[in-house]
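Q: Kindly generate the corresponding structure for this input.
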Amino acid sequence: MTLNSTQIDTLLEQQFNNPSPGSKRILQVSKGFSYSWNESAPTGKKVEISRIMINGIPINPSSLYRVTANSYLADGGDNFSVLKAGVDMTGEPIDVEAFIDYFAAFSPVAPGPMSRIVMVKSTGAIHPYGRKNCRNIFSGNFFSLSPEMQDKAVDYYNPSFFATEPNLLL
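A: Next up, the predicted model:
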């Protein structure tokens, strides 16, 4: 799908107070994409759009970006409603099949760097917000697979998949 920079900022803001006040659903991002967020900033202001980067360059307010997400998230799942506003959506291949095929072709896949997401604490201290703090974005639909597909997906599952490919892969 294609999103503009404001929609990407909104997407990142939708991680906070999700699903309830004080909780977070931090999405892992792909290679080249990075941002920082301020823990003490109010909801809706935690991520400054000027701190969202692709290959170290701030995203352009007038540019459009291709974003890849699984079908559950693309349909607004887990309260990421801004993804439903994406345009030029494609639906092939099935996300879990693409996931399995990727690992079949490129295994082993090394984890990406832990510094793509940075949390700025109220004290001003900066902390990488890496995979151990991120949720498995296959959540709801991963275990609705047939038992055979679950076995295949579990064989190839590795969270670093979400941090290795294009523009913004959620």
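Q: Run through the neighbouring helices and strands of the top helix by length along the chain.
A: When secondary structure is assigned using DSSP state H, the longest helix within the chain turns out to be helix 95-106. Helices and strands touching helix 95-106, as assessed by 3 or more C-beta pairs under 8 Å, 6 or more residues apart in numbering; DSSP states H and E, comprise helix 139-142, helix 147-156. (C-beta placed from N, C-alpha, C; glycine too.)
Q: Swap in 10 Å and give it another go.
A: For helix 95-106, the elements it packs on are helix 71-74, helix 139-142, helix 147-156, judged by 3 or more C-beta pairs under 10 Å, 6 or more residues apart in numbering; DSSP states H and E.
Q: As CSV, could you dump the C-alpha coordinates of it?
A: Taking Å, rounded to 0.1, in the frame of the first residue of the first chain, the C-alpha atoms of helix 95-106 are listed here in CSV:
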residue,chain,number,x,y,z
ASP,A,95,1.2,-12.9,3.9
VAL,A,96,2.0,-16.2,5.6
GLU,A,97,3.0,-17.9,2.4
ALA,A,98,5.3,-15.0,1.5
PHE,A,99,6.8,-15.2,5.0
ILE,A,100,7.5,-19.0,4.7
ASP,A,101,8.8,-18.6,1.2
TYR,A,102,11.2,-15.8,2.3
PHE,A,103,12.7,-18.0,5.0
ALA,A,104,12.9,-21.0,2.7
ALA,A,105,14.9,-18.9,0.2
PHE,A,106,17.1,-16.8,2.6
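Q: Put the alpha carbons of whichever helix or strand comes after that helix into PDB.
A: Next helix or strand after helix 95-106 toward the C-terminus (DSSP states H and E): strand 117-120. What follows is the C-alpha trace of strand 117-120 in PDB, where atoms were taken according to Å, rounded to 0.1, in the frame of the first residue of the first chain:
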ATOM      1  CA  ILE A 117      13.500   2.300  17.100                       C
ATOM      2  CA  VAL A 118      14.800   4.500  19.900                       C
ATOM      3  CA  MET A 119      12.900   5.600  23.000                       C
ATOM      4  CA  VAL A 120      13.800   8.900  24.600                       C
END
